[in-house]
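1. generate coordinates for the sequence data below:
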Amino acid sequence: MQPFRYTRPIQVQDALEIVAGEEDAAFIAGGTALVNQLRSGERRTTHLVDITDLPLVGLEVTRQGVRLSALERGTAGDERVRAGYPVVAEALLAGASPQIRNMATPGGNLLQGLRTPFYREAVLEGQREQVSTGETSDSGYRYGPIFSTGTGVYGSDLGVSLAALDAVVVAEGAGGERRLPVTEFYREPSPDKPRETFLEHGELITAIEIPASPAAARSTYLKVRERASYAYLVVSVAAALELEGDTVRSSRLALGGVAAVPWRAEAAERTLAGQRLSRDVIEAAAQAAVSGARPSPQNAYKVELVRRAVIRALETLGGRA
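-> As a prediction, this is how the structure comes out:
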């Protein structure tokens, strides 16, 4: 691990000024992802700014929705979230063991980066950029994306659930506060823009806001992984339905593990709109969810895996009182 300076400010403005003033400075909170990246050489920094003591803890639940502070660690166990936003609680519980959840933070969760062995094993910045943009001889990686180029896939369980609920990331920087919808927060890396989000250097996630909705209250998160213990997702589905009787008034579907960003399955949502939630409609929505997929021979199995996961998630929601 390379040498670096370490600072632990107690005011948000102080933290922002330090990082904004140094090109290679970085924020650190729980460090469950960043420390591993630093150890492997994937990330480099000259100055770590620990934000643990900043006043960014708290969970506010109102009739309008949830405001989750960036350092709040108690969300998964909060009964108000479990009742009104089960997809979020389920995603957090599926994402990591209690020990890791006790250290990790919501803000850091959204910034953990793409997932592929090549990406994680890349040591030099040039290698990191190369694998994240797909310029590699092994572009047929079996865990790779089916809706975007490259080998990197988005792997945050929390982020997928937030994409389904139209959540907003609140960030603060030198230019003041910005609000970015989760579905517009990420961008696919490219050779000229290797950064994976639209955050500027020195901007800090301070909160996540989730709007209340009938669909949020009837929601679920289904994660498919290779083993039952806490492994990264192969594919996942975050689904939310607003039903009137057995007719779909509105729906939200987001997929994980299929692209370099959380993938909103808008075609499936359109298929469900106004329809009775029958087996035929569910299967049609599942087929629509994978329309436009461009798998490689090595990861073509993901198309059927996503389709079946969508069916199971929708059937689960249809059976909930």
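2. buried sites along stretch 220-237?
-> For stretch 220-237, burial by neighbour count (16 or more other CB atoms under 10 Å) applies to 220-225, 232-237. Yep, even glycine has a C-beta here, placed from its N, CA and C like the rest.
3. all strands of this structure, in order?
-> Using DSSP state E, the strands of the chain run over 5-7, 25-28, 47-50, 59-62, 65-69, 114-115, 153-154, 168-173, 176-181, 204-211, 219-224, 235-244, 247-256, 263-264.
4. for Gln275, find the nearest of those.
-> strand 247-256 (5.5 Å; CB to CB).
5. any chance of the buried residues of stretch 220-237 in TSV, with pLDDT and distance to Glu200 too?
-> Output for the buried residues of stretch 220-237, formatted as TSV (pLDDT from 0 to 100; distance: CB to CB, whole Å):
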residue	pLDDT	distance to Glu200
Thr220	98	35
Tyr221	98	30
Leu222	97	34
Lys223	96	31
Val224	95	35
Arg225	90	33
Tyr232	83	28
Leu233	89	28
Val234	93	32
Val235	96	31
Ser236	97	29
Val237	98	32
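6. in JSON lines: those, plus distance to Val87.
-> Listed next are those as JSON lines, based on distance: CB to CB, whole Å:
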{"residue": "Thr220", "distance to Val87": "6"}
{"residue": "Tyr221", "distance to Val87": "5"}
{"residue": "Leu222", "distance to Val87": "10"}
{"residue": "Lys223", "distance to Val87": "11"}
{"residue": "Val224", "distance to Val87": "15"}
{"residue": "Arg225", "distance to Val87": "17"}
{"residue": "Tyr232", "distance to Val87": "18"}
{"residue": "Leu233", "distance to Val87": "14"}
{"residue": "Val234", "distance to Val87": "18"}
{"residue": "Val235", "distance to Val87": "16"}
{"residue": "Ser236", "distance to Val87": "11"}
{"residue": "Val237", "distance to Val87": "10"}
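7. so which pair among those residues is furthest apart in space?
-> Across these, the two lying at the largest distance from each other (CB to CB) are Thr220 and Tyr232, at 19.4 Å.
8. just give the closest residue to Gly292, not the sequence neighbours.
-> Using CB to CB, 6 or more residues apart in numbering and skipping residues adjacent in sequence, the residue nearest Gly292 is Phe147, 6.9 Å away.
9. what residues are up against the one you found?
-> Contacts of Phe147 were listed using CB atoms under 8 Å, 6 or more residues apart in numbering, and they are 258-259, 263, 292-294.
10. closest one of those to Thr197?
-> Ala259 (14.4 Å).
11. gap between that closest one and Pro295?
-> 12 Å (CB to CB, to the nearest Å).
12. what of Gln99?
-> 35 Å.
13. these two - which one has more neighbours?
-> Pro295 (18 against 10; other CB atoms under 10 Å).
14. so who does the spatially closest residue to that one that is not a sequence neighbour touch?
-> Excluding the flanking residues, the one nearest Pro295 by CB to CB, 6+ apart is Ile146, at 4.3 Å. Ile146 sits next to 258-259, 290, 293-295, 299-300, 302-303, 306 when contact means CB under 8 Å, 6+ apart.
15. give me the pLDDT for Met1.
-> Met1 carries a pLDDT value of 58.
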